[in-house]
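Student: Here is my input, please return the structure:
(chains A and B)
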Amino acid sequence: MSWDWVSSNLDRIGELLAFHLYLALVPVALGLLVALPVGFLVARWGKLYGPMLASSAILFSIPSLALFVILPGIIGTQILDPVNIIIALTIYAGALLVRSVSDGLRSVPGHVTQAASAMGYERWRQLLRIELPLAAPFIFAGLRFVTVANISMVSVGALLGIGGLGELFTDGFNRNFATPIVVGTVLSIVLALAADALIVLLQRVTTPWARAGGAS
Amino acid sequence: MGQGRGRLMSLFSQLLEFFGDADNWSGSRGIPVRMLEHLWYTALSLAIATAIALPVGLLIGHTGRGAFFAINLGNAARSFPSLGLLMLLVLGLGLGLVPALIALVALGVPPILASTYAGVRGVEPAVIDAARGMGMTETRIVSRVELPIALPLVLSGMRSATLQIVSTATIAAYLSLGGLGRFVIDGFAVRDYAEMVAGAVLVALLAIALDGVLVLLQRLLVSAGLTGRAQRAAATQEPTAEPAAELAH
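Tutor: Sure, this is the predicted structure:
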């Protein structure tokens, strides 16, 4: 471990850290944006559930490096364009969150929705005020999973030249110098754990009725 | 739209050219050899990972000791960047199959262990009491009662592990391992996009096929008397695509 290297490269490490976060978190937000309406549709029309599960499993099983490489050919970007990473990770996040959202909505007991409509809740208000809050533990569990997975997956992009902290990996490896790899690995883990803790906190704050963390 | 179609067509023709070239199908750098290498790394690491994770998961699930470890191992492992792990192992142990295998096994163990544990914990206590009342020994309870009931979750843990291993084995090509990742890495080195995409498509197909095989295995192996309830249990316990370990606690 060479602390000199660390202290003389703090700026670069900071930049890569910020870029890493950007590459990992934008897809989580985009994925959720896609997953909410799609998950809602899947929960409404039970017939869509099976096909959704299958396509989610298929998308999720494509190795990240493969997706990073295939995407530019489909959407016409350069292979070194960060957009590839963002779209690929959005696909993973979306595929998983659609499942969380629809599982969550499907877990709402029938008598609850019946009671809500008997009380005069119309369609959208019922969805927003009754069903989504009850589905929240599922959605938060999904968010935690994809956030942690994304943060550790971004590094793979470094093999194609864009990988946030992963660039420290390739740097160090090519120079046979362990310090950058250790620094990148530790920061990536810390980032993942911090983001995870933040989501747990968010869950605690937004769903005070269900002791956060799904402990019931 | 028309531009998009043109792009897809050119991608397609590049792929056809690559797959149509007989040179790419023969020799130690050919597609069949690379595919077999990839399968070999995957099967070997999955077997070792299962041999480690299954007994430990069963033991922790049966005794309840070390539950904290079992639950958190999966989460901790997910936050570990696989590329960093691979490179650190290679810098420490040198290039070769062994450091890569250690990384692949290390990434395969946590999902299997966590979901085996969750599966065993999910067995109703009344069922275990009944088995004990019938005079079954503890080992028999584990092997004849808990394991079969936990099997759907064990297999879903193996699915996650397989995906993780196939994906990381691809990356390992950067560290001079064989396998399908070679096409991607070598193609990138000489900016041969056709070769890269061909490798990427092959590895994606391999991952999807292996996942399909494990789903099939899940259908075949899980006791028919169990499937109805197992599916219901999985639906309540498994809010993410990952093993139930996530929310069950």
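Student: for chain B, what spans make up the helices?
Tutor: Counting by DSSP state H, chain B has helices at residues B:2-20, B:31-63, B:67-78, B:82-93, B:97-121, B:125-133, B:138-140, B:147-171, B:181-189, B:193-221, B:224-237.
Student: can you tell me which of those helices comes nearest to A:Ser100?
Tutor: For A:Ser100, the closest of these is helix B:224-237, at 12.7 Å, according to CB to CB. C-beta: built from backbone N, CA, C; applies to glycine.
Student: Rounded mean pLDDT for the closest one, please.
Tutor: Helix B:224-237 carries an average pLDDT of 58.
Student: So for the most centrally placed residue in chain A, what's the pLDDT?
Tutor: With distances taken as CA atoms, centre = their mean, A:Val146 lies nearest the centre of chain A, 3.1 Å away. For A:Val146, the model assigns a pLDDT of 95.
Student: can you check the one 10 residues further on too?
Tutor: pLDDT recorded at A:Val156 is 95.
Student: which element follows whichever helix in chain A runs longest toward the C-terminus?
Tutor: Under DSSP H, the helix in chain A containing the largest number of residues is helix A:10-44. Downstream of helix A:10-44, the first helix or strand assigned by DSSP states H and E is helix A:49-61.
Student: name the helices or strands packed onto that next one?
Tutor: Judged by 3 or more CB pairs under 8 Å, 6 or more residues apart in numbering or on different chains; DSSP states H and E, helix A:49-61 is in contact with helix A:10-44, helix A:82-106, helix B:193-221.
Student: out of the ones you listed, which comes closest to A:Gly164?
Tutor: A:Gly164 lies closest, by CB to CB, to one member of the helices and strands packed on helix A:49-61: helix A:10-44, at 2.7 Å.
Student: who touches A:Leu134 in this structure?
Tutor: A:104, A:107-108, A:112 (CB atoms under 8 Å, 6 or more residues apart in numbering or on different chains).
Student: Any chance of a ChimeraX selection covering the buried ones in those?
Tutor: Remark: buried members of the contacts of A:Leu134, expressed as a ChimeraX selection using 16 or more other CB atoms under 10 Å in any protein chain shown:
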select /A:104,107,108
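Student: restrict the contacts of A:Leu134 to contacts with chain B.
Tutor: Filtering the contacts of A:Leu134 for proximity to chain B by CB under 8 Å from any CB of the partner chain leaves A:104, A:107.
Student: Please identify which helix or strand holds A:His191.
Tutor: His isn't right for residue A:191; it's Leu. helix A:178-206.
Student: what's that helix packed up against?
Tutor: The contact analysis (3+ CB pairs under 8 Å, 6+ apart) places helix A:178-206 against helix A:3-8, helix A:10-44, helix A:132-153, helix A:166-174, helix B:82-93.
Student: Could I get the buried residue list for it?
Tutor: A:178-185, A:187-189, A:191-192, A:195-196, A:199, A:203.
Student: Ok, stretch B:114-133 next?
Tutor: Using 16+ other CB under 10 Å as the test for burial, stretch B:114-133 gives B:114-123, B:128, B:131.
Student: Restrict it to CA atoms and write it as CSV.
Tutor: In CSV, the C-alpha atoms belonging to stretch B:114-133 read as follows (Å, rounded to 0.1, in the frame of the first residue of the first chain):
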residue,chain,number,x,y,z
ALA,B,114,-27.6,-17.5,1.9
SER,B,115,-30.4,-19.1,0.0
THR,B,116,-29.8,-22.6,1.4
TYR,B,117,-29.9,-21.0,4.9
ALA,B,118,-33.1,-19.2,4.1
GLY,B,119,-34.6,-22.3,2.6
VAL,B,120,-33.9,-24.4,5.7
ARG,B,121,-35.1,-21.7,8.0
GLY,B,122,-38.3,-21.6,6.0
VAL,B,123,-39.2,-25.2,6.9
GLU,B,124,-42.1,-25.2,9.3
PRO,B,125,-41.0,-26.2,12.8
ALA,B,126,-44.0,-28.6,13.0
VAL,B,127,-42.7,-30.6,10.1
ILE,B,128,-39.3,-31.0,11.8
ASP,B,129,-41.0,-31.9,15.1
ALA,B,130,-43.0,-34.5,13.4
ALA,B,131,-39.8,-36.0,11.8
ARG,B,132,-38.1,-36.0,15.2
GLY,B,133,-41.2,-37.6,16.7
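Student: in chain A, which ranges drop under the pLDDT threshold?
Tutor: Counting by pLDDT under 70, chain A shows low-confidence ranges at A:210-216.
Student: Could you pull up the residues touching the residue of it most remote from its centre?
Tutor: Most distant from the centre of chain A: A:Ala118, at 36.6 Å, with distances by CA atoms, centre = their mean. Applying CB under 8 Å, 6+ apart to A:Ala118 gives no contacts.
Student: rerun at 10 Å
Tutor: By CB atoms under 10 Å, 6 or more residues apart in numbering or on different chains, the contact set of A:Ala118 is A:His111.
Student: same deal with B:Glu17?
Tutor: Neighbours of B:Glu17 in contact, by CB under 10 Å, 6+ apart: B:24, B:194, B:198.
Student: Could you verify my assumption that the last one touches B:Gly187?
Tutor: Yes - here B:Ala198 reaches B:Gly187: they are 7.8 Å apart, a contact under CB atoms under 10 Å.
Student: where do the contact lists of the two overlap?
Tutor: The contact sets of B:Ala198 and B:Gly187 overlap at A:69, B:18 (CB under 10 Å, 6+ apart).
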